[in-house]
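>>> My questions concern the predicted model and sequence given below.
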Amino acid sequence: MKPLRIAFVTPLYPLKGGIVRFSGLLRDALADRGYDVIPVAFKALYPQFLSKGAVESAHAADTAFPDKVGLVLYNPFTWFRAIQHIKLLKPDILLVAYWTGFLAPFYYVLARLTGIKIVVLLHNLSSHESFFFDPFMRRLLSSFANGFVTLSNAVFQDVSAAMPDIPVLQLFHPRYEPEGEIPSVRDARGALNLDETCPVLLFYGYVRHYKGLDIILRAMPAILKREPKVKLVIAGQFFEDPGVYMRLVEQLGIGGNVDLYQGYVSSERSALFFAAADVVVLPYRSATQSGVVQLAYGYDLPVIVTPVGALPEMVRHGETGWVARDLSPEGFALAVGSFFDSRNNLTSMRSAIAALRQEYSWEVFAAVAGRFLEVEASRR
């Protein structure tokens, strides 16, 4: 029997970021299930001055997009070349990654000019930073989508309420395993000039307002009253003025307990930060799901999150991490205090994290998503 041919439109390497990594792993997992997966990758998403270095050079052999396609989201002239390429591929169905309204116009044109059914892999229904045109983009999304795959119950509920006539599959964000060798705690802390005995909190990933870095910074004075030696390590690329945060650190008088590593973090460098950490903090103001949680679990690290979006779904409170009572610095400081109280139970915590990782496998995700794509492709 001929395998289902899936054209997967998404960002892939050499672009950077969590959605790029997710897409590459999903492509491989679907291929391992026997599906004929053809990637149609974006060459660029945003103009260089907006991308903050979100693309890197790559050898030709590593590049996921053919030169003749050159799909650039902000250049509509490239859309038609990509669409013609997709039509030549004759896929049975289109799987498209969606996380911002900026994608909706291209996908609308893609649906209209190919006539091929589209299933939307919905990372977010709305952009984290809301824009005035979000309601229009949502209506546009409902006009071309034949099905949705969501990564959390929170997004599932949102899309089901907004578009009740479109089939929706609720799945989960699969686990991320460490890439390459994991250094020892001693080596990692030595490389980062961290005391081997101090508790280390890790804030990791892109820094945007909704990620709430200021919340954990404002929580630090209360945390330091409990654990004067604690270190907060911040590792990630800033999409806003880092000076705002550095001035806040100075005003709070916590400079000696905050280490800042600005810029995109490679997988090798990521291993260093996670190996050195005791816990990963996500003081987010809003969230759907988070690859950082799954990345932390991959390193057997617990997480501390705020009670927003799908973050509480991803944490077994008191077992694999802690959910703060609210979005306040005081609430987050209390959750960090609960972590300090539980450090003697690291063995049972790691067992709970290992069990949770087994539930969030790429194999299960690809099997269920693949069956959904088969049904939607055959639906008249």
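The structure has been received and is ready for your questions. Bear in mind the structure is a predicted one, so any value in this text is a computation, not a measurement.

>>> Dump the C-alpha coordinates for stretch 352-368 into PDB.
What follows is stretch 352-368, C-alpha atoms only, in PDB (Å, rounded to 0.1, in the frame of the first residue of the first chain):
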ATOM      1  CA  ALA A 352       8.900  10.700  38.500                       C
ATOM      2  CA  ILE A 353      10.600  12.700  35.800                       C
ATOM      3  CA  ALA A 354      11.700   9.500  34.000                       C
ATOM      4  CA  ALA A 355       8.200   8.100  34.100                       C
ATOM      5  CA  LEU A 356       6.700  11.300  32.700                       C
ATOM      6  CA  ARG A 357       9.300  11.300  29.900                       C
ATOM      7  CA  GLN A 358       8.100   7.900  28.800                       C
ATOM      8  CA  GLU A 359       4.600   9.200  28.400                       C
ATOM      9  CA  TYR A 360       5.700  12.000  26.100                       C
ATOM     10  CA  SER A 361       7.500  10.000  23.400                       C
ATOM     11  CA  TRP A 362       7.900  11.000  19.800                       C
ATOM     12  CA  GLU A 363       6.800   7.500  18.700                       C
ATOM     13  CA  VAL A 364       3.400   7.900  20.300                       C
ATOM     14  CA  PHE A 365       3.000  11.400  19.000                       C
ATOM     15  CA  ALA A 366       3.800  10.400  15.400                       C
ATOM     16  CA  ALA A 367       1.600   7.300  15.500                       C
ATOM     17  CA  VAL A 368      -1.500   9.200  16.700                       C
END
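
>>> For it, list every residue counted as buried.
Counting neighbours by 16 or more other C-beta atoms under 10 Å, one finds that the buried residues in stretch 352-368 are 352-353, 356-357, 360, 362, 365-366. For every residue, glycine as well, the C-beta is placed using N, CA and C.

>>> Could you check how far the strand or helix carrying residue 138 is from the centre of its chain?
For residue 138, the host element (DSSP states H and E) is helix 134-144. Centroid displacement of helix 134-144 relative to its chain, using C-alpha atoms, centre = their mean, to the nearest Å, is 22 Å.

>>> Point out the other elements, helices or strands, that it touches.
When contacts are defined as 3 or more C-beta pairs under 8 Å, 6 or more residues apart in numbering; DSSP states H and E, helix 134-144 sits against helix 104-114.

>>> Can you check what angle separates the helix it packs on from helix 134-144?
Helix 104-114 and helix 134-144 meet at an angle of 20 degrees, taking axes from the mean of the first three to the mean of the last three C-alpha atoms, to 10 degrees as the criterion.

>>> what's downstream of helix 104-114, the next helix or strand?
strand 118-122.

>>> That following strand - what's its average pLDDT?
When pLDDT is averaged over strand 118-122, the result is 98.

>>> Count the residues that sit near residue 90.
A count of neighbours around residue 90, defined by other C-beta atoms under 10 Å, yields 11.

>>> Chain neighbours aside, what residue packs nearest to it?
Leaving aside its chain neighbours, residue 90 sits nearest to residue 5 (7.1 Å; criterion: C-beta to C-beta, 6 or more residues apart in numbering).

>>> biggest helix in this structure, by residue count?
In terms of residue count, the longest helix belonging to the chain (DSSP state H) is helix 362-378.

>>> Run the angle between it and strand 118-122 for me.
With the same axes, to 10 degrees as the basis, helix 362-378 and strand 118-122 are set at 150 degrees to each other.

>>> elements contacting helix 362-378?
With contacts taken as 3+ C-beta pairs under 8 Å, 6+ apart, helix 362-378 sits against helix 18-32, strand 93-98, strand 118-122, strand 147-150, strand 168-170.

>>> out of the ones you listed, which comes closest to residue 290?
Ranking these by distance to residue 290, with C-beta to C-beta as the measure, places helix 18-32 first at 8.3 Å.

>>> what's the following helix or strand after the helix or strand of the chain with the lowest mean pLDDT?
Lowest mean confidence among the helices and strands of the chain (mean pLDDT, DSSP states H and E): helix 48-51, at a mean of 54. Under the assignment DSSP H and E, the closest C-terminal helix or strand after helix 48-51 is strand 71-72.
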